[in-house]
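Enquirer: Give me coordinates for this.
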Amino acid sequence: MARIYIGKGTGLNVWFAPVEKMIYGLSGIDPKREMSWKQYAFALMLFNIIGIAVVYAIQRFQNALTSESDGHGAGSAGPGFKYSGKLCQQYKLAKLWR
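Expert: The predicted model follows:
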């Protein structure tokens, strides 16, 4: 890790550096420029929203995606949203006690 933090490469740079440069080029990222806190917050939120959407889609289409169907089918969306609503309510109640 120390080599990475001081800017020296590792043995994996030979293979992964070209891939990294290609991804940066396609994304329009300048690796020498730092992000502002607003850019970082936006990227963090976007990454999490996309991640939630992908996990939701995998769970909803699980029956079609797997070859070993045990007859249960895909899960319904209701319990997940119901549980997240309960967590939000508990958080609000816990916040009131502080």
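
Enquirer: Give me the helix or strand of this protein that scores worst on average pLDDT.
Expert: None of the helices or strands of the chain scores lower by mean pLDDT, DSSP states H and E than helix 78-97, at a mean of 60.

Enquirer: Can you give me the domain assignment for this structure?
Expert: Domain assignment for the chain by automatic domain parsing gives 1-32, 34-98.

Enquirer: where do the helices sit along the protein?
Expert: For the chain, the helices defined by DSSP state H occupy 2-5, 13-27, 37-60, 62-65, 78-97.

Enquirer: Mean neighbour count added to these, as JSON lines?
Expert: Quick note: C-beta positions are derived from backbone N, CA and C, even for glycine. What follows is the helices of the chain, written out as JSON lines (neighbours: other C-beta atoms under 10 Å):
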{"stretch": "helix 2-5", "mean neighbour count": "8"}
{"stretch": "helix 13-27", "mean neighbour count": "10"}
{"stretch": "helix 37-60", "mean neighbour count": "11"}
{"stretch": "helix 62-65", "mean neighbour count": "12"}
{"stretch": "helix 78-97", "mean neighbour count": "9"}
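
Enquirer: Would you quantify the distance from the residue lying closest to Leu65 once chain neighbours are set aside to Ile50?
Expert: Once flanking residues are discounted, Leu65 sits nearest to Ile58: 6.9 Å by C-beta to C-beta, 6 or more residues apart in numbering. Going from Ile58 to Ile50 by C-beta to C-beta, to the nearest Å gives 13 Å.

Enquirer: Next: Tyr24.
Expert: 19 Å.

Enquirer: Val14 too?
Expert: Taken as C-beta to C-beta, the span from Val14 to Ile50 is 30 Å.
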